[in-house]
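Undergrad: Using only what follows, build the 3D model:
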Amino acid sequence: MNLNQTDIPSEIKEVLTKEGINELRPAQEKAIKAGVLDGRNILVCTPTASGKTLIAELVGGKNIITGKGKIIYIVPLVALANEKHKEFKRKYGRLFKIALSVGDFDSSDSYLIDYDFIICTAEKLDSLIRHHAPWLKYVSTVIIDEIHLLNDVSRGPTLEILITVMKQILENVQIIGLSATIGNPLELATWLDAVLIQDDWRPVPLKKGVYHQGEIEFNES
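TA: Numbering: from 1, shown residues only. Okay, here's the model as predicted:
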């Protein structure tokens, strides 16, 4: 699917074109056809580098530009949050205000009222909710990267509670889950009330091989 065949805002298309992106990858096309740009919840379960993050960018960019509301992008690690913040700010910094919120857990970060796209960890968002951050009511979309961590014994409970609370306090919030490895995708999609997007396309073919004495023997079957 070509970008011009979608209702992605022209400002976002311009950014992507400069990045050399004119055609959507299979998972991205499936997500758009499933209604992700119209507010539908989706769960994307596709291989690494298949284009999951761009789905989040398309939704976030459209919702901000059309005035639908703020975006919260949840990542599992501070290092990843820093990486995403740097990348998104480079690409979209002139279109909307992007914030990184990973620090003080004893604050409502009231300054975030002035930002459109907020990147944080699950633990930080949990703190913001507990401190009744007043700007949370303006959130339209919550994106959860590495959502398979719901099954993690240490981090899963916090993430599960966060999703549940956000669905309660934000009646029409859109939930987008991203992961390359989900053991029970149908069950999770049902819990999220989301359309499940699955695809095995990857930019580079995956090969299996055995490394021995400086050489790799690939399995051709």
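Undergrad: Mind jotting down where the helices sit in the chain?
TA: Assigned by DSSP state H, the chain shows helices spanning 10-18, 26-33, 52-65, 78-92, 122-130, 156-169, 185-192.
Undergrad: tell me the angle the second one makes with helix 52-65.
TA: Going back to what we said before, that points to helix 26-33. Relative orientation of helix 26-33 versus helix 52-65 (axes from the mean of the first three to the mean of the last three CA atoms, to 10 degrees): 30 degrees.
Undergrad: Flag the shaky bits of the chain, pLDDT-wise.
TA: In the predicted model, the chain carries pLDDT under 70 at residues 104-106, 201-206, 220-221.
Undergrad: rerun that using 80 as the cut-off
TA: Residues of the chain meeting the criterion pLDDT under 80: 49, 103-108, 200-209, 212-213, 218-221.
Undergrad: Skipping its backbone neighbours, what lies nearest residue 165 in space?
TA: Spatially, and ignoring its direct neighbours in sequence, residue 165 is nearest to residue 129 (5.9 Å; CB to CB, 6 or more residues apart in numbering). Just so you know, the C-beta spots here come from the backbone N, C-alpha and C atoms, and that holds for glycine as well.
Undergrad: Quick one: residues contacting the residue lying closest to residue 196 once chain neighbours are set aside.
TA: Spatially, and ignoring its direct neighbours in sequence, residue 196 is nearest to residue 189 (4.0 Å; CB to CB, 6+ apart). Residues in contact with residue 189 (CB atoms under 8 Å, 6 or more residues apart in numbering) are 43, 195, 196.
Undergrad: Residue 82 too?
TA: Residue 82 is in contact with 100, 102, counting by CB under 8 Å, 6+ apart.
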